[in-house]
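Q: quick check, what structure comes out for this input:
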Amino acid sequence: MRHGQTAFNLQGRYQGRLDSPLTARGRAQAAAVGRLLAQRLDAPPTVLCSPLGRARATAALVAGAFAPPPAITDEPRLSEVALGDWDGLTRAEITALAPGHRRAAPRRQWMFHAPGGERLAPVLARLEAVLDEAGRLPGEVLLVSHAITGRLLRGLHEGLPLAEALQLDAPQNAVFALAPGGRIERVEAAGL
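A: Purely as a prediction, here's the structure:
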């Protein structure tokens, strides 16, 4: 799942490795997903979470729906793609700094060419490793990540080409159940 809505989301800022707090809506989204999972699962999941504050806050709210709440394990490989010099900027600010850069790269791939940012191959390698390791854990496993990393995780699971994976939506009120054979079920928390 992706973290709940943040202040930067409302401002149209790319967060990358920066952080901003969950909004009231973001906290409600996380709590609703927690209630949804508590109803659907027989036991609390193993929770692996990006160490960024917005993901940790989301994971804590989800875990709080279980009694007792599961432990949350920081998993740095679930962190959002680092945008380097462009972390925290809006689309307009990036365009002003680097006119034409976003259009020069394939659709939604400009972020892998940000100055001082992360490149695609290492991002895919770390996410593939997390998926592989999570798949070997017993019981249900919840991965709490971000917009870009969440799209890539689902794309890797489904075996999608990169261009298709990056076009996937990134809702903040849903969880995606990854099943054998590359199948994915989207389950939304109603009303958010």
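Q: and the worst-scoring helix or strand of the chain on mean pLDDT, what does it pack against?
A: Ranked by mean pLDDT, DSSP states H and E, the weakest helix or strand in the chain is helix 101-104, scoring a mean of 86. Helix 101-104 is packed against helix 91-97, with contacts defined by 3 or more C-beta pairs under 8 Å, 6 or more residues apart in numbering; DSSP states H and E. For the C-beta atoms, the positions are set from N, CA and C on the backbone; glycine is no exception.
Q: show me what the mean pLDDT comes to for the helix it packs on.
A: Averaging pLDDT along helix 91-97 yields 95.
Q: any idea how far the residue located most distally from the centre of the chain lies from Glu93?
A: Distance to the chain centre peaks in the chain at Pro99, reaching 27.7 Å (criterion: C-alpha atoms, centre = their mean). Applying C-beta to C-beta, to the nearest Å, the value for Pro99 to Glu93 is 12 Å.
Q: cool, and Val33?
A: Taken as C-beta to C-beta, the span from Val33 to Glu93 is 31 Å.
Q: what's the answer for Leu41, then?
A: In terms of C-beta to C-beta, Leu41 sits 41 Å off from Glu93.
Q: okay, helices next: where are they in the chain?
A: For the chain, the helices defined by DSSP state H cover 7-11, 24-40, 53-63, 91-97, 101-104, 120-135, 147-158, 162-165.
Q: understood, closing this out.
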